[in-house]
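*Asks:* Sequence plus the predicted model coming up.
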2 protein chains.
Amino acid sequence: MSRMPRYKLVIEYHGGPFRGWQRQENGPSVQEAIETALTKIGEISAEGAPPLVYGAGRTDAGVHALGQVAHVDLSRDWPPFRLMEALNFHLKPQPAAIRAAELADPGFHARFHAVERRYLYRIIARRAPLSLEKGLAWRRVRPLDVAAMREAAAHLIGEHDFTTFRAAQCQAQSPVKTLDALEVSDATTPGAAESWEREIRIEARARSFLHNQVRSLVGTLERVGAGAWPPQRVAAALEARDRAACGPVAPPHGLYLETVVYPAAPAPSTDAL
Amino acid sequence: MSRMPRYKLVIEYHGGPFRGWQRQENGPSVQEAIETALTKIGEISAEGAPPLVYGAGRTDAGVHALGQVAHVDLSRDWPPFRLMEALNFHLKPQPAAIRAAELADPGFHARFHAVERRYLYRIIARRAPLSLEKGLAWRRVRPLDVAAMREAAAHLIGEHDFTTFRAAQCQAQSPVKTLDALEVSDATTPGAAESWEREIRIEARARSFLHNQVRSLVGTLERVGAGAWPPQRVAAALEARDRAACGPVAPPHGLYLETVVYPAAPAPSTDAL
């Protein structure tokens, strides 16, 4: 029996119209959209079931992705470019697109082999409602102190028990995670109407995250930026290992799964000395 | 008779749902949206007419603005912040927002006093359809050569007869304009799936532009980037002073009126030596 070829897909989507990545009963999901597109190109079992698409991260309802990664086994040998084009044709008009497709190692697993996930969170601090960026960033109507947010973020880097920043429904076996980076940067573009107006980007990098961890961290850093919390209180909140010590959870529409990193392929062996 | 106070407004909008800036019979316009919001806050003549809002630039249907500027005379003395907030309340849910409001000099004219207009054009070169940036940039599905586009742009800087890059319906008295800058920059963000994928931004600056001039310039530069035109052909097209020599006109949804510049206010006189 011949092995089915496995493909790796890189996927972008606007989280707005989806109930999240994962297929579910009560609404559209990105996983289902891709699986349905696969059936449209003839990838369907004798029982009418679509191939199963495995994603690297289960983004929540409303969360965007620039580079979600998934794998799927198909019945035919698709030239990767043709597969990408065919899926994009059938995904229209949904705001989801395959950015890249490639033939993967038969043992490749999008979720279990990921060594780093990078999330980006966009906050726009300004008084006026968002028009061009509506649904693409979290608006705060008061000034935010970027330096204070950076100071607070520094307390969170490294290996910690992140119980404080974990959703009640989180299913991870351990609350201990290693946060490799939590970078707060000023991405303000020209045209700010008031001198205090800012776009602040927060990039979080880790092998894996707890459920709602990034949004919990961002919501807490926002409290520091707004001056409601001194930066030191974030260290105390982490220490507390208590969900009640967390700041508010930031809304999903500012969050992007930016990229998923895998180990570099082993260098081809060579006969050279 | 007391003079009516004049206000300067800075306005952001998503061009998608509008037929352009200017009020017209056959569809919604940004000017009308703001004028209607003004009537909702009681700024309405005895005959039921709204105050006239004068914009710095008449953006076409589908063109966005980050910083359109307008002026309007009102019947009451509005604290500028309150005016901005009240208008934004009544503009909802339309994708248009007042980013700043201030009391202006009674002689201030948004259109005639502008000394520079800056337009931004966003091109995204990639194979996959846009999901997050849909309607916010022009997608091209083949690689673009940024260096060649820059070389071509250099031919267009300065004072020229821009007849080639002017819409047939343009009403300007003279086709001679001075293009202060036409900067082609690589704004590619991390996560490009293929090495040739790019976001290219073109910024055009001039005191004023001919109708469709920026989109005509961008469409022509795109031909150069795609390798269909050698950069030198752009110089020849400009020389020709013939609309038929122009490249295709780039679509409106990649274009943004970025900002409008006015002369610095005269320094307050001082009694100091």
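*Replies:* Right, received. Where do you want to start? Because the structure is a prediction, the values reported are computed rather than measured.
*Asks:* could I have stretch A:158-177 exported to PDB, CA atoms only?
*Replies:* The C-alpha coordinates for stretch A:158-177 follow below in PDB (Å, rounded to 0.1, in the frame of the first residue of the first chain):
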ATOM      1  CA  GLY A 158      12.000  33.100  30.900                       C
ATOM      2  CA  GLU A 159      10.700  29.900  32.500                       C
ATOM      3  CA  HIS A 160       7.800  30.600  34.900                       C
ATOM      4  CA  ASP A 161       4.600  29.100  36.300                       C
ATOM      5  CA  PHE A 162       2.100  31.200  34.300                       C
ATOM      6  CA  THR A 163      -1.000  30.100  36.200                       C
ATOM      7  CA  THR A 164      -1.900  33.800  36.600                       C
ATOM      8  CA  PHE A 165      -2.000  34.300  32.800                       C
ATOM      9  CA  ARG A 166      -3.900  31.100  31.900                       C
ATOM     10  CA  ALA A 167      -7.500  30.700  31.000                       C
ATOM     11  CA  ALA A 168      -9.700  28.600  33.400                       C
ATOM     12  CA  GLN A 169     -10.400  26.200  30.500                       C
ATOM     13  CA  CYS A 170      -6.800  25.700  29.600                       C
ATOM     14  CA  GLN A 171      -6.000  22.000  29.100                       C
ATOM     15  CA  ALA A 172      -2.200  22.100  29.300                       C
ATOM     16  CA  GLN A 173      -0.800  19.600  31.700                       C
ATOM     17  CA  SER A 174       1.600  22.100  33.300                       C
ATOM     18  CA  PRO A 175       1.300  25.800  33.800                       C
ATOM     19  CA  VAL A 176       5.100  26.100  33.500                       C
ATOM     20  CA  LYS A 177       6.200  27.600  30.200                       C
END
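*Asks:* Excluding its own residues, what touches it? List them.
*Replies:* Stretch A:158-177 is contacted from outside by A:178-179, A:206-213, A:216-217, A:220, A:237-238, A:240-243, A:245-246, A:249, using CB atoms under 8 Å, 6 or more residues apart in numbering or on different chains. For the C-beta atoms, the positions are set from N, CA and C on the backbone; glycine is no exception.
*Asks:* List the buried residues in that stretch.
*Replies:* A:H160, A:F162, A:T163, A:T164, A:F165, A:R166, A:A167, A:C170, A:P175, A:K177 (16 or more other CB atoms under 10 Å in any protein chain shown).
*Asks:* These: which two are farthest apart?
*Replies:* Largest separation among those by CB to CB: A:H160 and A:A167, giving 16.5 Å.
*Asks:* Quickly list what the closest residue to A:M4 other than its chain neighbours is bridged to.
*Replies:* Closest residue to A:M4 apart from its sequence neighbours, by CB to CB, 6 or more residues apart in numbering or on different chains: A:D73 at 4.2 Å. Beta-bridge partners recorded for A:D73 (DSSP bridges): A:R6.
*Asks:* separation between A:S185 and A:P95?
*Replies:* 26 Å (CB to CB, to the nearest Å).
*Asks:* Specify which residue of those two has the higher count of neighbours.
*Replies:* A:P95 (22 against 12; other CB atoms under 10 Å in any protein chain shown).
*Asks:* Show me where chain A has its strands.
*Replies:* Along chain A, counting by DSSP state E, strands occupy A:6-13, A:54-55, A:64-73, A:96-103, A:116-125, A:138-140, A:158-161, A:176-186, A:198-206, A:255-261.
*Asks:* Paired strands for the fifth one, with orientation please.
*Replies:* On the basis of DSSP bridges, the sheet neighbours of strand A:116-125 come out as strand A:138-140 (parallel), strand A:198-206 (antiparallel), strand A:255-261 (antiparallel).
*Asks:* What's the mean pLDDT across the last one?
*Replies:* Averaged across strand A:255-261, the pLDDT comes to 97.
*Asks:* and if you look at the longest one?
*Replies:* In this model, strand A:198-206 carries a mean pLDDT of 97.
*Asks:* tell me the angle of that strand relative to strand A:176-186?
*Replies:* Angle of strand A:198-206 versus strand A:176-186, following axes from the mean of the first three to the mean of the last three CA atoms, to 10 degrees, is 160 degrees.
*Asks:* picking up where we left off before, from the buried residues of stretch A:158-177, which one has the minimum pLDDT?
*Replies:* The model is least sure about A:C170 among the buried residues of stretch A:158-177, giving it 85.
*Asks:* so what's the backbone phi/psi at it?
*Replies:* phi -60, psi 130 (degrees, to the nearest 10).
*Asks:* Repeat that for A:R23.
*Replies:* phi -50, psi 140.
*Asks:* Please list all residues in contact with it.
*Replies:* A:S29, A:Q31, A:E32, A:E35.
*Asks:* Can you tell me which of the residues you listed is closest to B:P5?
*Replies:* Once CB to CB is applied, the member of these that ends up nearest B:P5 is A:S29, at 53.3 Å.
*Asks:* Run through the residues of the stretch 1-150 of chain A sitting next to chain B.
*Replies:* A:10, A:12-14, A:64, A:66-67, A:81, A:84-85, A:88, A:91-92, A:95-100, A:126-132, A:134, A:136 (CB under 8 Å from any CB of the partner chain).
*Asks:* How far does stretch A:203-221 stretch from one end to the other?
*Replies:* 12 Å (CA to CA, to the nearest Å).
*Asks:* can you pull out the helices in chain A?
*Replies:* Under the criterion DSSP state H, chain A contains helices at A:30-40, A:80-91, A:146-154, A:213-225, A:232-240.
*Asks:* centre of the chain versus the third one, how much separation?
*Replies:* Yep, that's helix A:146-154 we're talking about. 22 Å (CA atoms, centre = their mean, to the nearest Å).
*Asks:* A:A244: how many residues sit nearby?
*Replies:* If we define neighbours as other CB under 10 Å, then A:A244 has 7 of them.
*Asks:* Over to A:L83?
*Replies:* 24.
*Asks:* show me where pLDDT drops low in the stretch 1-150 of chain A?
*Replies:* A:1-2 (pLDDT under 70).
*Asks:* Report the contact partners of the nearest residue to A:H113 once chain neighbours are set aside.
*Replies:* Nearest residue to A:H113, sequence neighbours excluded (CB to CB, 6+ apart): A:Y262, at 5.6 Å. Residues near A:Y262 by CB under 8 Å, 6+ apart: A:V69, A:F108, A:H113, A:A114, A:V115.
*Asks:* coming back round to it: can you select the buried ones among the contacts of stretch A:158-177 for me in PyMOL?
*Replies:* The buried residues among these can be selected in PyMOL (16+ other CB under 10 Å) with this line:
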select buried, chain A and resi 179+206+209+210+211+212+213+216+217+220+237+238+245+246+249
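*Asks:* and A:P263, how far is that from A:R207?
*Replies:* 11 Å.
*Asks:* shared neighbours, these two?
*Replies:* Shared contacts of A:P263 and A:R207, counting by CB under 8 Å, 6+ apart, come down to A:V115.
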